[in-house]
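Participant: Sharing a model that was predicted from the sequence below.
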Amino acid sequence: MDKVFIEGLQIDALIGIYDWERRIRQPLVFDIEMAFDNRIPAASDAIEDTLNYKAVSKRIIGYVSETGFGLVETLAERVAALILEEFGVAHVKLRLAKPGAVRGARSVGVVIERSAATL
Ligand SMILES: Nc1nc2c(c(=O)[nH]1)N=C([C@H](O)[C@@H](O)CO)CN2
């Protein structure tokens, strides 16, 4: 299956389990791969036929900016569900990184894959 991807989408968010984390915003980085049949927009050359990565990115930025979960697992799950439900995507792979959260590690986080069929 073809994919549409969004790589390195950085969003500042309220996220974390510790008291000090509840008082600041921290950078999160999303890498997202979404299953999509790109032959249709390729044939029409029409943006309406695409899975519009700009529209998906804007929706995710808006959503994540308003959240305040403790765990990256929770946020990753909600964003994956949003993509499946609102953009008609059948399968999504999402990597959510929290750079700088652990001293000595460049980044930490989670990778999940979800399908609309098993929502
Ligand atoms: N699997 C996870 N482990 C940890 C998380 C998390 O969201 N998922 N969060 C923290 C803290 O918030 C951490 O990021 C602060 O440095 C610790 N472990």
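Facilitator: Now that the structure is in, tell me what you want to look at. Numbering: from 1, shown residues only.
Participant: hey, let's count contacts and neighbours off CA atoms from now on
Facilitator: Noted.
Participant: The ligand contacts on this structure?
Facilitator: Within reach of the ligand by Cα under 6 Å from any ligand atom, the chain has these residues: 16-18, 71-73, 101-102.
Participant: ok, of those residues, which come out buried?
Facilitator: Neighbour-count burial (16 or more other Cα atoms under 10 Å) applied to the residues of the chain next to the ligand gives 16, 72, 101.
Participant: Need the phi and psi values for the second one.
Facilitator: In terms of degrees, to the nearest 10, the main-chain angles of Val72 are phi -70, psi -30.
Participant: correct me, but it touches Leu14?
Facilitator: No. Counting by Cα atoms under 8 Å, Val72 sits too far from Leu14 to count as a contact (10.6 Å).
Participant: that older thread, adding pLDDT and secondary structure, write the residues of the chain next to the ligand out as JSON lines.
Facilitator: Listed next are these as JSON lines, based on pLDDT from 0 to 100; DSSP: H, G, I helix; E, B strand; the rest coil:
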{"residue": "Gly16", "pLDDT": "98", "secondary structure": "coil"}
{"residue": "Ile17", "pLDDT": "98", "secondary structure": "coil"}
{"residue": "Tyr18", "pLDDT": "98", "secondary structure": "coil"}
{"residue": "Leu71", "pLDDT": "98", "secondary structure": "coil"}
{"residue": "Val72", "pLDDT": "98", "secondary structure": "helix"}
{"residue": "Glu73", "pLDDT": "98", "secondary structure": "helix"}
{"residue": "Ala101", "pLDDT": "97", "secondary structure": "coil"}
{"residue": "Val102", "pLDDT": "98", "secondary structure": "coil"}
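Participant: any chance of those residues in JSON lines, plus distance to Glu48?
Facilitator: Output for the residues of the chain next to the ligand, formatted as JSON lines (distance: Cα to Cα, whole Å):
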{"residue": "Gly16", "distance to Glu48": "37"}
{"residue": "Ile17", "distance to Glu48": "41"}
{"residue": "Tyr18", "distance to Glu48": "43"}
{"residue": "Leu71", "distance to Glu48": "35"}
{"residue": "Val72", "distance to Glu48": "32"}
{"residue": "Glu73", "distance to Glu48": "32"}
{"residue": "Ala101", "distance to Glu48": "39"}
{"residue": "Val102", "distance to Glu48": "42"}
